[in-house]
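In: Model the structure of this input:
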Amino acid sequence: MEMVSEILASTVQKYPDNTAIIYENRYIGYKEVEKTANQYAHGLISLGIKEGEMVGLLTSNSPEFIYAYFGVLKTGATVVPMNPLLSGDELFYMMNDSKIKVLFTLPSLLPVLQKITSRLENLKHIITIGEVKPEFGISISSLIQNKQNTPPKIKVHQDTTAVCIYTSGTTGYPKGALLTHRNLLSNVNSLVKVFPATSDDVFSCILPLFHAYSAMASMLAPFALGAGIVIDNKFIPRKCLQMIQDFRITIFIGVPAIYAALSRIKNPGEFDLNSLRFCVSGGAPLSPEIVTQFEKMYPAKIYEGDGPTECSPVTSVNPISGKRKLGSIGLPIPDVEMKIVDENDNELPPGEVGEIVVRGPNVMKGYLNQPEATKESLRNGWFHTGDIGKMDEEGYFYILDRKKDLIIVGGLNVYSQEVEKVLISHPKVSEGAVTGKPDRLRGEVPIAFVVPLEGENVEPEELISFCRNHLAPYKVPREIKILESLPKTATGKVMKWKLKSNS
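Out: Next up is the predicted model:
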């Protein structure tokens with residue numbers, strides 16, 4: 001298999017009668033997904049799309065997202081998935097940077113797009129999911145009308161860019177990570193090896209598919225297995241449990257914020273959730289406290305994994321049929337190597353703290369239009385993740401902090417996650433984030449942003465006193481701000497740069 005789109009054709013051959021997608025009580029088989037994706041591909045070719053050109057997907061989770069995703073790949077073009085919640089300026093940056101030629105979007109987003117399209121010289125066509133006024137854009141139905149439902153005769157090389165995914169921008173402007181067909185297929189093959197799953201399984205697909213983690217764990221890997229996916233485009237806790245019950249979901253793909261919310265639901269026993277076999281968490285650090293609470297309430301265990309967008313994205317996971325270590329991101333998945341290095345890229349022994357680096361066929365070929373950033377991150381054959389971490393004697397990896405989130409107080413390292421874990425353990429605290437603030441005497445000092453549990457009031461002085469009982473004096477936040485919510489990316493990563501700008 002050399003093209004990502006061949007996953008569909010292969011699964012149709014093996015499991016011709018299997019359900020691929022369940023969406024709003026519609027059951028869509030693999031044959032229909034493959035045929036419709038082929039029609040999308042021929043429609044794009046009729047618009048002049050060629051190999052190597054960029055096609056944007058600006059839409060929420062739906063079967064149409066999947067048809068468009070595979071349809072684009074069948075033409076040899078590159079998918080550029082984007083978050084529908086972004087502002088016009090943010091969308092303009094990505095669409096201009098990637099020189100998108102065709103854009104799939106929702107009618108509700110047309111007012112935002114009308115304000116920026118005149119400045120996008122490369123954008124030739126807007127295709128709307130749903131009907132639209134003829135004077136602006138093309139509807140999906142008119143794009144695929146009378147188009148063939150057989151694959152276009154286009155052969156794409158493994159090293160052709162399949163997707164350009166913009167990093168979540170936790171440190172400012174996002175960068176477009178270029179992932180090839182080889183990158184994605186290698187990650188699919190690795191996940192199929194570590195997931196004890198079959199064509200009989202049903203995966204959740206709640207996380208936004210424009211994100212690398214969801215696209216891999218909730219779409220590409222299940223499709224390679226011939227499993228079904230249950231799509232929803234908004235997480236509502238009780239609706240989510242209803243969905244697990246109604247569609248007998250067996251494998252749940254989530255992020256810590258989802259597991260935290262599910263851990264606060266009253267009476268989850270009202271739902272029959274016994275179909276669940278295991279849950280996977282990624283996208284952000286998972287608190288052991290959340291795991292413990294969740295597993296008291298639900299019949300399945302959570303297995304934490306990790307990986308940056310640049311690695312397609314999964315690099316490690318706690319073995320689902322083996323030893324699980326809470327607080328760890330697990331072992332490297334098959335065909336992926338990981339190690340800890342110092343500032344000079346020397347490998348460090350178990351227990352030593354340094355930067356996590358990754359090597360394997362899943363690692364991107366570079367960042368779009370950013371040769372210096374590419375050179376900086378891809379050094380000596382290894383991708384430098386920017387995560388500060390360690391490896392234990394058994395080869396399990398732990399993330400302590402982001403390199404850019406490391407706070408240096410008078411020459412001493414403070415890992416923000418260590419302070420955050422203490423804050424979250426306070427009985428009145430729901431969430432917490434810690435960043436560094438410039439200080440004339442110490443260089444930096446830690447400051448914290450805290451969201452109380454619903455119905456609780458907590459004073460900064462109470463939390464500072466609590467931290468003093470659990471942390472060395474230099475690690476205690478000098479200031480704590482109480483907020484209603486923390487700014488987050490689509491997968492629950494806290495955007496610390498936004499917090500810093502308001503500190």
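In: From the opening residue of stretch 188-201 to its closing one, how far?
Out: Using C-alpha to C-alpha, to the nearest Å, the end-to-end distance of stretch 188-201 comes out at 16 Å.
In: what sits up against that stretch?
Out: Where contact means C-beta atoms under 8 Å, 6 or more residues apart in numbering, the residues beyond stretch 188-201 that reach it are 4, 7, 14-15, 18, 203, 216-217, 220-222, 224-228, 250-251, 277, 314, 317, 319-321, 333-336, 362. In short, each C-beta sits where N, CA and C put it, glycine included.
In: Quick one: mark the members of the residues you listed that sit in strands.
Out: Counted as lying in strands by DSSP state E, out of those, are F203, G228, I251, V317.
In: returning to what we had before: can you say which of the contacts of stretch 188-201 are buried?
Out: 4, 7, 15, 18, 203, 216-217, 220-222, 224-228, 250-251, 277, 314, 317, 320, 333, 336, 362 (16 or more other C-beta atoms under 10 Å).
In: now, which of the residues you listed lie within helices?
Out: Among those, the ones falling in helices (DSSP state H) are I7, A221, P222, A224, L225.
In: F136 is in contact with Q114, correct?
Out: Yes: using C-beta atoms under 8 Å, Q114 is in contact with F136, at 7.2 Å.
In: Could I get the full set of helices for the stretch 351-500 of the chain?
Out: Along the stretch 351-500 of the chain, the segments classed as helices by DSSP state H, counting those that start in this stretch run 371-377, 416-424, 460-468, 496-501.
In: Report the distance from the first one to the chain centre.
Out: Spelled out, it's helix 371-377. Helix 371-377 sits 22 Å away from the centroid of its parent chain (C-alpha atoms, centre = their mean, to the nearest Å).
In: May I see the buried residues of it?
Out: For helix 371-377, burial by neighbour count (16+ other C-beta under 10 Å) applies to T374, S377.
In: State the pair within the ones in strands among the contacts of stretch 188-201 that is farthest apart.
Out: Greatest spatial distance in these: G228 and V317, 21.5 Å, computed using C-beta to C-beta.
In: What's the separation between T180 and N362?
Out: As judged by C-beta to C-beta, to the nearest Å, T180 and N362 stand 10 Å apart.
In: Next: I424.
Out: From I424 to N362 the distance is 31 Å (C-beta to C-beta).
In: Over to E393?
Out: Applying C-beta to C-beta to E393 and N362 gives a distance of 26 Å.
In: E6 too?
Out: 18 Å.
In: before we move on, what about V458?
Out: 42 Å.
In: try K403
Out: Going from K403 to N362 by C-beta to C-beta gives 21 Å.
In: what residue is smack in the middle of the chain?
Out: Geometric centre of the chain, nearest residue: Y213, 3.4 Å, by C-alpha atoms, centre = their mean.
In: Give me the helices and strands touching the helix ranked longest in the chain, please.
Out: Using DSSP H, we find that the single longest helix of the chain is helix 30-46. Secondary-structure packing of helix 30-46 (3 or more C-beta pairs under 8 Å, 6 or more residues apart in numbering; DSSP states H and E): helix 6-14, strand 19-23, helix 63-74, helix 140-144.
In: Show me what the helix or strand following the longest one is packed up against.
Out: On the C-terminal side of helix 63-74, the nearest following helix or strand under DSSP states H and E is strand 78-82. Contacting strand 78-82 under the criterion 3+ C-beta pairs under 8 Å, 6+ apart are the following elements: strand 54-58, helix 63-74, helix 88-98, strand 161-166.
In: Give me the residue ranges of the stretch 151-300 of the chain where confidence is low.
Out: 168-173 (pLDDT under 70).
In: For it, which segments count as helices?
Out: Under the criterion DSSP H, counting those that start in this stretch, the stretch 151-300 of the chain contains helices at 181-194, 212-215, 221-225, 237-247, 256-262, 288-297.
In: which of those helices sits most buried?
Out: Mean neighbour count, computed with mean count of other C-beta atoms under 10 Å, is highest for helix 212-215 among the helices of the stretch 151-300 of the chain, reaching a mean of 27.
In: contacting residues around that one?
Out: So helix 212-215 is contacted by 69, 81, 163, 165, 177, 179, 205, 207-209, 253, 255, 282-283, 307, 309, 312-314, 491 (C-beta under 8 Å, 6+ apart).
In: can we see that at 6 Å?
Out: With contacts defined as C-beta atoms under 6 Å, 6 or more residues apart in numbering, helix 212-215 is touched by I165, L207, P208, L209, G282, G283, T309, P313.
In: same question, stretch 354-363
Out: If you take C-beta under 6 Å, 6+ apart as the criterion, stretch 354-363 is touched by 183, 186-187, 311-312, 315, 335-342, 348, 381-385, 387, 389.
In: Need the distance between the two termini of it.
Out: 20 Å.
In: domain assignment for the chain?
Out: The chain breaks down by automatic domain parsing into domains covering 6-17+27-183, 406-501.
In: Distance check, F397 against I340.
Out: 8 Å.
In: quick one: common contacting residues for those two?
Out: Shared contacts of F397 and I340, counting by C-beta under 6 Å, 6+ apart, come down to M391.
In: rewinding a little: quick one: closest of the helices of the stretch 151-300 of the chain to T150.
Out: Closest among these, using C-beta to C-beta: helix 221-225, at 19.2 Å.
In: Could you list the residues in contact with the closest one?
Out: I7, T11, V188, L191, V192, A197, S199, F203, I229.
In: Could you tell me how many residues sit around K500?
Out: Neighbours of K500 under the rule other C-beta atoms under 10 Å: 16.
In: sorry, that was for S465
Out: 11.
In: Let me see the contact set for it.
Out: Contacts of S465 (C-beta under 6 Å, 6+ apart): none.
In: pLDDT at it, what is it?
Out: With respect to pLDDT, S465 has a value of 95.
In: And for L106?
Out: pLDDT, L106: 94.
In: Enumerate every residue touching the residue nearest to V419 when sequence neighbours are not counted.
Out: Using C-beta to C-beta, 6 or more residues apart in numbering and skipping residues adjacent in sequence, the residue nearest V419 is V434, 4.5 Å away. Residues near V434 by C-beta under 6 Å, 6+ apart: S416, V419, E420, P446, A448.
In: I figured D272 hits I244, correct?
Out: No: D272 lies out of contact with I244 (C-beta atoms under 6 Å); the separation is 8.6 Å.
In: Show me where the stretch 351-500 of the chain has its strands.
Out: 354-359, 366-367, 378-379, 382-391, 397-402, 407-409, 412-414, 429-439, 443-452, 479-482 (DSSP state E, counting those that start in this stretch).
In: what's in contact with the fourth one?
Out: Right, the one you point to is strand 382-391. Contacts of strand 382-391 (C-beta under 6 Å, 6+ apart): 308, 310, 340, 350, 353, 356-359, 363, 377, 397-403, 406.
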